[in-house]
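>>> coordinates only, no sequence provided:
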């Protein structure tokens, strides 16, 4: 099953994830996760939603857009293994702006953060 990337745009959910969510920080990104208790029409948890933040102080618009694209690609690599029903915020850090950083580098760090936060679905037998 191919999962779809659902973006997070509401400012109040970003603030709530920062305040009440769990966090994990590494060299490239800081990851905040909060359980989303909303259910869909069939009573199952809603799909996991992704919010990306990149501080304006770290680079101009073209660099910030590049980093967001890289983070989105890294998230897609881990998307199949994620649990449903979470709000995930990924905040870029300064090291992510290096020209040599690729999505595979960030994907490895994201996966480690997802493991630390308990966001990976252990029922799946996808071992990477």
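Ah, there it is. On a predicted model such as this, the values are computed, not experimentally measured, just so you know. Numbering: from 1, shown residues only.

>>> so where's the chain uncertain?
1-2, 123-128 (pLDDT under 70).

>>> what about the helices in it?
11-20, 61-78, 103-117 (DSSP state H).

>>> residue 84 versus the residue of the chain positioned farthest from its centre, what's the distance?
Using Cα atoms, centre = their mean, the residue of the chain lying farthest from its centre is residue 42. It sits 25.3 Å away. Distance, residue 42 to residue 84, using Cβ to Cβ, to the nearest Å: 12 Å. Backbone N, C-alpha and C define where each C-beta goes, glycine included.

>>> likewise residue 9?
In this structure, residue 9 and residue 84 are 19 Å apart, going by Cβ to Cβ.

>>> please say which of those two ends up with more neighbours.
More neighbours surround residue 84 than the other of residue 9 and residue 84, with 13 against 8 (other Cβ atoms under 10 Å).

>>> list the contacts for that one?
Residue 84 sits next to 44-48 when contact means Cβ atoms under 8 Å, 6 or more residues apart in numbering.
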